[in-house]
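Student: I would like to see how this sequence folds:
(one chain, ligands or ions: 1)
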Amino acid sequence: MSRIAVIGGGVAGLSAAAALAEAGHQVVVFEAEAQLGYHASGRSAAMFDEHYGNETVRALNRFTGPVLDTMGVLSPRGILAVAGAEDIALFKADVEGMGFEPVALDEARALIPILSDRVQFAGLYRGAMDIDTDAVLQGFARAAREKGARVFTDARVTGIRAGWTIVADGAEHEVDMVVNAAGAWADRVAVMADVAPIGLQPYRRSMARLPAPGGHDVRAWPMLFGAGEQWYAKPDAGGWIVSPAEEDAVDPMDAWADDMVLAEGLARYEAHVTEPVTRVETNWAGLRTFAPDRALVIGEEPTSPGFFWLAGQGGYGFQTSAGAAAQLVEAVAARPTALAKALSPARFR
Ligand SMILES: Cc1cc2nc3c(=O)[nH]c(=O)nc-3n(C[C@H](O)[C@H](O)[C@H](O)COP(=O)(O)OP(=O)(O)OC[C@H]3O[C@@H](n4cnc5c(N)ncnc54)[C@H](O)[C@@H]3O)c2cc1C
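Tutor: Prediction:
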């Protein structure tokens, strides 16, 4: 069994720590921020939709669903996709690709009574679930610690020497392997270890929290999805969150919402509902970090034995978490899996 350093205390790093510790490894997690899950993992829309993502991502979704179910962190939500006449092509593509069943407009309005006359098409996918993302992060952290993993916060890794020595918070730690689960910063962490970057690109996505529209009790409403992912909205703790669903390329950073992008996104949403947006209670943004082919990057760096990637979770980090961590455990054990090639960093070398 190996001593393994995991860099990053988001859902990727914590799920990896739990799975590696369970497999008998001696794990230490380094998280730069004072809190676990401070960046992307603290800012998601918290949905599980097994149809979301490309084939490789969907395979990881399928593995992860039952694990999250066993953790007791899933609850039914469903997704209602809607479109005006001008978006019929996007709507048809969603119906084909994302498992929506066309539904009559009166049925759609029975689910979400604020749909405006602009809405001409509606489709429902009942299987989508809400994820209690705090419980996922705490659950993985607890499982890791119970198996002996040490989890350090306020511990930014500032140096990595092959062999491997990790420099964090002024101290040096000797390990046998390194797992790069640094989210938007994963390419930068690689460069620190003298490993070439993959070309991971963080994209900002913003979110606005509104009071429940028209004073409705929104708790049982499904997620509302603008065809072609042009915007979406969903219930959140009695309120209603709306995202412009933008993908604006940015550098790794502590992201914040762009006012103009938020206003344009809220206008797209508003065109499909009868209740105007009168007040935004709060807003935030997070980074969705993708590899060039939009599949995750999991496996050993071919040019640097002992350096493992667990990156490129994009918009799927929670719904792929357990599957991705299981793939990492196999990669560390040098046991090939059916998905190993599609996930390996070697595909970019
Ligand atoms: C608006 C939005 C909506 C989303 N909706 C969903 C959804 O519905 N379902 C879903 O499954 N996913 C969703 N996602 C995606 C999901 O949130 C991410 O894929 C996931 O959180 C990525 O996890 P991570 O651990 O890779 O990254 P992060 O949570 O960003 O964790 C990486 C960590 O590495 C740390 N780090 C970086 N450099 C260093 C260093 N040198 N030393 C130590 N630590 C370091 C950072 O501080 C950070 O905490 C959404 C994302 C956004 C932004």
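
Student: how about residues contacting the one helix or strand Ala144 maps to?
Tutor: Using DSSP states H and E, Ala144 maps to helix 133-146. Helix 133-146 is contacted by residues 9-11, 14-15, 17-18, 21-22, 27, 29, 36-37, 41-42, 44, 46, 68, 71-73, 151, 318, 321 when judged by C-beta atoms under 8 Å, 6 or more residues apart in numbering. Just so you know, the C-beta spots here come from the backbone N, C-alpha and C atoms, and that holds for glycine as well.

Student: who in the stretch 151-300 of the chain is up against the ligand?
Tutor: 156-157, 181-185, 189, 205, 207, 286-288 (C-beta under 6 Å from any ligand atom).

Student: which pair in those residues spans the largest distance?
Tutor: Spatial extent of those (C-beta to C-beta) is set by the pair Val157 and Met207 at 28.7 Å.

Student: okay, stretch 91-100 in PDB with CA atoms only?
Tutor: The C-alpha coordinates for stretch 91-100 follow below in PDB (Å, rounded to 0.1, in the frame of the first residue of the first chain):
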ATOM      1  CA  PHE A  91     -35.800  21.300 -28.000                       C
ATOM      2  CA  LYS A  92     -35.800  18.300 -30.400                       C
ATOM      3  CA  ALA A  93     -32.100  17.800 -29.700                       C
ATOM      4  CA  ASP A  94     -32.700  17.800 -26.000                       C
ATOM      5  CA  VAL A  95     -35.600  15.300 -26.300                       C
ATOM      6  CA  GLU A  96     -33.300  13.000 -28.300                       C
ATOM      7  CA  GLY A  97     -30.200  13.400 -26.200                       C
ATOM      8  CA  MET A  98     -31.300  14.000 -22.700                       C
ATOM      9  CA  GLY A  99     -34.200  11.600 -22.100                       C
ATOM     10  CA  PHE A 100     -37.000  14.200 -22.000                       C
END
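
Student: so it, near the ligand or not?
Tutor: No: Stretch 91-100 stays out of contact with the ligand when judged by C-beta under 6 Å from any ligand atom, the minimum separation being 13.4 Å.

Student: buried residues in that stretch?
Tutor: By 16 or more other C-beta atoms under 10 Å, the buried positions in stretch 91-100 come out as 91-92, 94-95, 98-100.

Student: likewise stretch 27-37?
Tutor: In terms of neighbour count (16+ other C-beta under 10 Å), stretch 27-37 has its buried residues at 27-33, 36-37.
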